[in-house]
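1. Build me a model from this:
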Amino acid sequence: MGVNGCLFCKMVAGQIPVTKIYEDDVVLSFLDIGPVSDGHALVIPKQHFEKLHDCPSELLGKVSSRLGRIAVAITGAMNSDGYNILCNNGRAAGQLVEHLHFHIIPRNSGDGVFGHWPAYKYEKGKIEQIALKIRENL
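-> Sure, this is the predicted structure:
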């Protein structure tokens, strides 16, 4: 889609209305219109980058430094026990808008959100093979 057709870039530019909860020179944060819990918000860098690894580390640090403050405000307002911060990268990971964004999802014990974590055990020797492949790509 790119910068010109990017939904989130249009939100940053004020061309599409959002329910804003925080904004400064680096990020825009607003409530998700399809929440998985009350208070579910997005935090986006104002600059367009498609994925986490595309964003320069200095800017990513600035974006990350705002996540905790916004998460505390959300969980306090929602009287939540905790929160998830998610960042989907690529369609296969559930990224629907091709602009880097972080979900802050307020949570309460027993809320049923993400009720099943599909964990499994590696077959003998497989974990070492995978670790080697990853280290070779660093």
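2. for this protein, which helix is longest?
-> With secondary structure taken from DSSP state H, the chain has its longest helix at helix 57-78.
3. so what does it touch, helix or strand wise?
-> Here helix 57-78 touches strand 20-23, strand 27-31, strand 41-45, strand 82-86, strand 102-107, going by 3 or more CB pairs under 8 Å, 6 or more residues apart in numbering; DSSP states H and E. Where you see a C-beta, it was placed from the backbone N, CA and C, and this is true even at glycine.
4. Could you list every helix and strand that the longest one packs against?
-> Applying 3+ CB pairs under 8 Å, 6+ apart, one finds that strand 102-107 contacts strand 41-45, helix 57-78, strand 82-86.
5. Include distance to residue 134, mean neighbour count and mean pLDDT when you put the helices and strands packed on helix 57-78 into TSV, please.
-> Converted to TSV, these look like this (distance: least, CB to CB, whole Å; neighbours: other CB atoms under 10 Å; pLDDT from 0 to 100):
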stretch	distance to residue 134	mean neighbour count	mean pLDDT
strand 20-23	35	14	98
strand 27-31	30	20	98
strand 41-45	26	23	98
strand 82-86	21	15	97
strand 102-107	23	22	98
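6. Residues touching stretch 67-75, excluding its own?
-> With contact meaning CB atoms under 8 Å, 6 or more residues apart in numbering, stretch 67-75 is reached by 21-22, 29, 39, 41, 43, 80-83, 85, 102, 104, 106.
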